[in-house]
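Colleague: Sequence and predicted model, in that order:
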Amino acid sequence: MSSSQKITLGILSAIACSALLVVLYIASQAYQAWSQRPLGPALEYPTAWELPATWTASPGTPASQPTSTLVSSPEGTSTLSFDTETPASPFLACNDLPTMTVLAIGTDVRSDDYRYGRADVMRAVRVDFQAQRVTALEFPRDLWVKIPGIERNLKTDRQKLNTAYAYGNPEHGPSLLARTLDLNFGLKVDHYVVVNMNVFVDVVDALGGLDVTIPEGGIDGRTSTDRSARLVFPEGPQHLSGEQALTLARIRNISVFERAKHQNLVMCALRKEIERPGTIFRLPAIISSFMDNIQTDLTPEQISQLACLGTQMPRSNIVFTSFPLGLFKPGEVYDPVLKQDVFIWNSNFGTLRGYVSEFNEGTWPPISPPGGTPEPGISSCE
């Protein structure tokens with residue numbers, strides 16, 4: 001090879017390498033932009049509801065903590081935008097990130113659209129990356145609460161907690177529910193996830209079902225109006241399909257507090273199934289089961305951080321908790337929208353706010369010592 005050919009080849013190689021570096025840089029920038037973009041639509045509050053001009057999820061949050069602010073937009077709406085400071089790469093360690101609280105909402109509709117129906121399940125999920133601990137606090141849906149912004153249309157500002165999601169939809173359900181929980185109980189939320197019942201059924205079926213152990217005495221969910229055998233779960237090991245797992249999670253003929261225990265049982269079984277080595281081969285079916293049927297403002301990067309935490313965290317560090325049962329008394333109140341008396345749970349909201357404040361700070365529920373007995377209403381996946 002002549003010297004001129006070598007020079008030409010060197011120049012072409014340099015151009016090729018430069019072009020490759022440019023392509024890799026553009027691709028990395030595009031991926032970074034995608035990975036930090038919320039997957040769900042922006043949350044908006046119609047100004048016709050005359051909501052406050054601003055709302056900050058956590059006034060005392062450090063600068064590095066994710067925060068949310070309600071700001072006016074040019075289109076005449078108010079948008080709940082989330083400003084997050086997250087590492088540039090989703091592959092960084094997930095044990096040195098700020099604490100995140102996610103509002104998990106399960107709707108009561110059986111369709112492929114999450115934007116309708118009431119909130120059948122409402123849990124605040126506090127994710128402590130540094131302590132590698134996840135705590136889920138359930139809110140009873142039959143609490144009679146003040147819902148901001150509905151009075152103009154409904155002539156009342158009081159309704160059941162689970163209706164806040166419905167009144168905010170089709171576009172603003174998570175926002176209105178988050179504001180309602182903050183107004184009444186002081187819950188501080190950074191992000192949200194909404195799923196409907198069909199999604200849950202499809203995910204469980206895509207995993208091949210769930211293995212659960214029904215506690216002693218079994219679970220009988222039959223009522224005076226529904227005596228179906230599908231509501232009976234004998235004690236002992238059971239393998240449940242998606243529909244059976246959903247039925248178990250929804251049984252509440254005894255109380256909504258017992259239903260929370262059933263949900264905990266199902267969610268722990270779901271986590272165990274996801275951990276199985278063979279699950280990776282079912283990922284395409286799992287992903288297709290919830291595509292377009294889930295709403296969240298989490299970014300792909302944040303989801304990868306949560307997944308990273310899930311691979312490192314012991315099962316005992318996933319804690320499910322409820323408010324103490326003694327704080328609730330059954331009652332009735334007249335609902336001016338339904339024009340009839342409805343069942344509610346009476347409770348001292350000041351006391352509930354105290355528990356929520358400690359939940360926000362990570363001091364409640366307390367961590368049980370190894371081998372110790374957890375407080376009533378508190379369970380883990382151990």
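Modeller: Arrived safely.
Colleague: Only C-alpha atoms from now on, for both contacts and neighbour counts.
Modeller: OK.
Colleague: longest strand of the protein?
Modeller: Of all the segments of type strand in the chain, defined by DSSP state E, the longest one is strand 119-128.
Colleague: which other helices and strands contact that strand?
Modeller: Secondary-structure packing of strand 119-128 (3 or more Cα pairs under 8 Å, 6 or more residues apart in numbering; DSSP states H and E): strand 100-107, strand 133-138, helix 163-168.
Colleague: now it against strand 133-138, angle please.
Modeller: Interaxial angle, strand 119-128 versus strand 133-138 (axes from the mean of the first three to the mean of the last three Cα atoms, to 10 degrees): 160 degrees.
Colleague: Next, the buried residues of strand 119-128.
Modeller: Of the residues in strand 119-128, 119-128 count as buried by neighbour count, 16 or more other Cα atoms under 10 Å.
Colleague: mind checking the SS state of residue 261?
Modeller: Using DSSP: H, G, I helix; E, B strand; the rest coil, the structure places residue 261 in helix.
Colleague: any idea where the helices of the stretch 101-250 of the chain begin and end?
Modeller: Taking DSSP state H, counting those that start in this stretch as the test, the helices found in the stretch 101-250 of the chain are 151-154, 163-168, 173-185, 197-206, 242-250.
Colleague: can you redo these as JSON lines with mean neighbour count and distance to residue 338?
Modeller: Supplementary listing: the helices of the stretch 101-250 of the chain in JSON lines, determined by neighbours: other Cα atoms under 10 Å; distance: least, Cα to Cα, whole Å:
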{"stretch": "helix 151-154", "mean neighbour count": "12", "distance to residue 338": "11"}
{"stretch": "helix 163-168", "mean neighbour count": "24", "distance to residue 338": "12"}
{"stretch": "helix 173-185", "mean neighbour count": "22", "distance to residue 338": "20"}
{"stretch": "helix 197-206", "mean neighbour count": "21", "distance to residue 338": "25"}
{"stretch": "helix 242-250", "mean neighbour count": "21", "distance to residue 338": "24"}
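Colleague: Can you say which of those helices is nearest to residue 342?
Modeller: helix 163-168 (13.0 Å; Cα to Cα).
Colleague: other SSEs contacting the closest one?
Modeller: With contacts defined as 3+ Cα pairs under 8 Å, 6+ apart, the secondary structure elements packing on helix 163-168 are strand 119-128, helix 173-185.
Colleague: now the helices of the stretch 101-250 of the chain in CSV, with distance to residue 296?
Modeller: As requested, those are exported to CSV (distance: least, Cα to Cα, whole Å):
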stretch, distance to residue 296
helix 151-154, 27
helix 163-168, 14
helix 173-185, 9
helix 197-206, 14
helix 242-250, 21
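Colleague: Just the closest of the buried residues of strand 119-128 to residue 206, please.
Modeller: Of all these, residue 206 sits closest to residue 121, with 21.9 Å by Cα to Cα.
Colleague: For residue 94, which of the helices and strands packed on helix 163-168 is the nearest?
Modeller: Among the helices and strands packed on helix 163-168, strand 119-128 comes nearest to residue 94, with 10.1 Å by Cα to Cα.
Colleague: partners of that closest one, with directions?
Modeller: Partners of strand 119-128 in the sheet, by DSSP bridges, are strand 100-107 (antiparallel), strand 133-138 (antiparallel).
Colleague: closest to residue 202 out of these?
Modeller: Closest among these, once you apply Cα to Cα, is strand 100-107, at 14.2 Å.
Colleague: Output the closest one as PDB, nothing but the C-alphas.
Modeller: C-alpha atoms of strand 100-107 as PDB (Å, rounded to 0.1, in the frame of the first residue of the first chain):
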ATOM      1  CA  MET A 100     -40.200   9.200  46.700                       C
ATOM      2  CA  THR A 101     -43.900   8.900  47.500                       C
ATOM      3  CA  VAL A 102     -46.200   7.500  44.800                       C
ATOM      4  CA  LEU A 103     -50.000   7.600  44.900                       C
ATOM      5  CA  ALA A 104     -51.100   4.200  43.700                       C
ATOM      6  CA  ILE A 105     -54.700   4.100  42.400                       C
ATOM      7  CA  GLY A 106     -56.800   1.100  41.300                       C
ATOM      8  CA  THR A 107     -60.000   2.000  39.600                       C
END
